[in-house]
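Novice: Sequence plus predicted model, see below.
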Amino acid sequence: MVTRCTCYSNACYDFTAAYTGGGTVVFHIPKLIMDCDTVVHNGGCHCKKVRWRVQAPSSVVAWNCNCSICSMRGSTHFFVPSERFELLGDSKDFLTTYSFGTHTAKHTFCKVCGITSFYTPRGNPDAIAVTFRCVDPGTLVHAEIKHFDGMNWETSYNESGIASRSKTEATSNSLT
């Protein structure tokens with residue numbers, strides 16, 4: 001749910017999202033020109049040892065998942081094709097990876113601070129899932145938060161259309 005800015009500057013939006021298991025959280029995101037053009041977002045982990053840049057719209061659909069790992073770490077993420085994601089500097093030296101189950105998803109996190117700012121998702125292994133809270137302020141102007149029922153992964157995957165979220169427009173058109 002998007003609400004009016006509470007800082008009274010009229011230059012921001014507050015986003016309210018429900019936590020799995022109850023409660024809400026508000027995200028305060030500056031309002032820029034609202035469009036679907038691709039922009040460059042920078043981001044990374046808490047200690048700044050992992051830094052990246054991603055090309056994505058200024059307005060994204062972010063998925064709040066309730067699977068066993070996402071619910072524990074409070075993950076809400078959006079997808080981009082992997083070719084639009086770039087690790088910067090020596091970031092790879094500070095990453096470690098965890099996988100489980102099918103071992104398709106590669107849950108990367110910082111060895112220093114433990115933050116998962118991005119990972120390779122099971123349902124979109126050709127993509128990168130970017131934790132939207134790890135995007136630096138100023139370029140992400142809108143996030144529509146949708147629920148993905150990771151507890152019933154196969155059903156939710158088939159019904160949500162989430163697989164198409166990592167496709168470029170050209171790729172999406174060739175699939176139809």
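Specialist: Structure received.

Novice: tally of neighbours for residue 40?
Specialist: 11 (other Cβ atoms under 10 Å). (Each C-beta comes from the backbone N, C-alpha and C, glycine too.)

Novice: ok, it touching residue 53?
Specialist: Yes: using Cβ atoms under 8 Å, residue 40 is in contact with residue 53, at 5.7 Å.

Novice: which neighbours do those two share?
Specialist: Overlap of the contact sets of residue 40 and residue 53 (by Cβ atoms under 8 Å, 6 or more residues apart in numbering) is empty.

Novice: The closest residue to residue 117 other than its chain neighbours: what's it in contact with?
Specialist: Distance criterion Cβ to Cβ, 6 or more residues apart in numbering; nearest residue to residue 117, sequence neighbours excluded, is residue 134 at 3.8 Å. Contact partners of residue 134, counting by Cβ under 8 Å, 6+ apart, are 43, 44, 45, 115, 117, 118.

Novice: Apply 10 Å and report the result again.
Specialist: 41-46, 50, 52, 77, 115-118 (Cβ atoms under 10 Å, 6 or more residues apart in numbering).

Novice: so what's the residue nearest to residue 116 when sequence neighbours are not counted bridging to?
Specialist: Excluding the flanking residues, the one nearest residue 116 by Cβ to Cβ, 6+ apart is residue 109, at 4.3 Å. As for beta bridges, residue 109 partners with residue 96 under DSSP bridges.

Novice: ok, residue 109 touching residue 99?
Specialist: No: judged on Cβ atoms under 10 Å, residue 109 makes no contact with residue 99 at a distance of 11.8 Å.

Novice: Right, I'll leave it there.
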